[in-house]
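A.B. asks: fold the following.
(one chain, ligands or ions: 2)
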Amino acid sequence: MELELKPLGLPSDFERPIVIAGPCSAETEEQVMTTATQLAEKGCHMFRAGVWKPRTKPGGFEGNGEIALPWLKRVKEETGMLVATEVATPQHVELALKYGIDILWIGARTTANPFAVQALADSMKGIETPVFVKNPVNPDLELWIGALERVNGAGVKRLAAIHRGFSSYDKKIYRNLPMWQIPIELHRRIPELPIICDPSHIGGRRDLIAPLCQQAMDLGMDGLIVESHCTPEKAWSDANQQVTPDILDYILSILVIRDQVQTTENITALRKQIDEVDNQLIDLLAKRMRISREIGQYKKEHGMTIVQASRYSEILEKRGAQGSLLGINSDCIKSIFEHIHQESVNQQIEIINK
Ligand code: PEP
Ligand code: MN
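C.D. replies: Ligands and ions are numbered 1, 2, ... in the order given. All right, here's what the predicted structure looks like:
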């Protein structure tokens, strides 16, 4: 389904990056007003704060709910900033709109549930309020696009996507793996959809915010949504990934913003080279498959099994090591060879069944 989009209609439509900042949660009226005033002084135009908080386990701070909405209204009146909050149920949507929230976002856990997204979309019929859809917690681009389609199908045309990383059992540096190829593919599929990066939820750590912001800009993303709190270490949720408005201002001031459109001669020539190398890679793969089929024929004639486990492990290990000698991540090489091996096996199965 093609999305029918229109510009977000935000004051920063023509600026890059669009910046939305504010605390993970609206904790108290004082915390909201102090943070908002400091952000506004730094020139921030859009304020975020969670009013309903999806927590992994019960017992954590689940947000103040409706009583926090007038605080956001006050932010708007006193600082002139636009205000944004997360909605997860039709009732949240109704209340947020009632209190004049300017931007709604759908959280990562909600995006992962098509029933919940459909119910939200139905409650948003035809609204002009921009809606930002975070990626689902699991790395599933189709599910993300599906959620955007559901909301757009309800007539919401001011849409953007938020890239907040993907949850993984294997947590190393990041709280949520960035898996940049997914937002990049989203951009390829829906080029006119703005994509905003959420370095706080990707990194899970204050010190990762600056490099993640830079990486998002280098990849041509349109905006940043960053958690910022007047006293981050005392935050009631996500304390490790928030920065003061001062630090955020510094992080933004050192960002290098490169042009999104790179159509210089140099890059055209380099892209030509990439096309040539890709053609060679495909020719070589076809050659490898021809050899595999011959091996399949041999295995058939000699009654051998197709997958010879020791040979397979040897290939993965050797290729991984070769790759890392040449500066390519050995896990990346291994996963490429897993796919190549799978296709060889499929081709050999065809030969054996002939
Ligand atoms: C948030 O923005 O505070 C939040 C809960 O984010 P996510 O849905 O990305 O986890
Ligand atoms: Mn948060």
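
A.B. asks: for the residue at minimal distance from the centre of the chain, what are its contacts?
C.D. replies: In the chain, the centroid-proximal residue (CA atoms, centre = their mean) is residue 163; its distance is 2.0 Å. Shown in contact with residue 163 (CB atoms under 8 Å, 6 or more residues apart in numbering): 135, 178, 182-183, 195-198, 202, 216, 221. Yep, even glycine has a C-beta here, placed from its N, CA and C like the rest.

A.B. asks: now tabulate those residues in TSV and tack on neighbour count.
C.D. replies: As requested, the contacts of residue 163 are arranged in TSV below (neighbours: other CB atoms under 10 Å):
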residue	neighbour count
135	28
178	22
182	18
183	25
195	21
196	23
197	28
198	28
202	26
216	25
221	24
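
A.B. asks: which of those residues fall within helices?
C.D. replies: 182-183, 202, 216 (DSSP state H).

A.B. asks: tell me the residue of the stretch 251-354 of the chain that sits nearest ligand 1?
C.D. replies: residue 251 (17.7 Å; CB to the nearest ligand atom).

A.B. asks: show the pLDDT at whichever residue of the chain sits closest to ligand 1.
C.D. replies: Ranked by CB to the nearest ligand atom, the top residue of the chain for proximity to ligand 1 is residue 107, at 3.1 Å. Model confidence at residue 107, given as pLDDT, is 98.

A.B. asks: got it, and residue 182?
C.D. replies: 96.

A.B. asks: for the one 5 residues further on, same thing?
C.D. replies: The predicted local confidence for residue 187 comes out at a pLDDT of 95.

A.B. asks: secondary structure element for it?
C.D. replies: Counting by DSSP states H and E, the element that carries residue 187 is helix 181-189.

A.B. asks: what's the neighbour count on the residue lying closest to the residue of the chain closest to ligand 1 once chain neighbours are set aside?
C.D. replies: The shortest distance from residue 107 to any non-neighbouring residue, by CB to CB, 6 or more residues apart in numbering, is to residue 86 (4.9 Å). By other CB atoms under 10 Å, 24 other residues sit near residue 86.

A.B. asks: using the three-state scheme, assign the residue of the stretch 251-354 of the chain closest to ligand 1.
C.D. replies: helix (DSSP: H, G, I helix; E, B strand; the rest coil).

A.B. asks: residue contacts, the residue nearest to residue 60 when sequence neighbours are not counted?
C.D. replies: Closest residue to residue 60 apart from its sequence neighbours, by CB to CB, 6+ apart: residue 237 at 6.9 Å. Residues in contact with residue 237 (CB under 8 Å, 6+ apart) are 24-25, 50, 53, 55, 60-61.

A.B. asks: pretty sure residue 237 is in a strand, no?
C.D. replies: No. Using three-state DSSP, the secondary structure at residue 237 is coil, not a strand.

A.B. asks: from residue 26, how far out is residue 35?
C.D. replies: 9 Å (CB to CB, to the nearest Å).

A.B. asks: no further questions, thank you.
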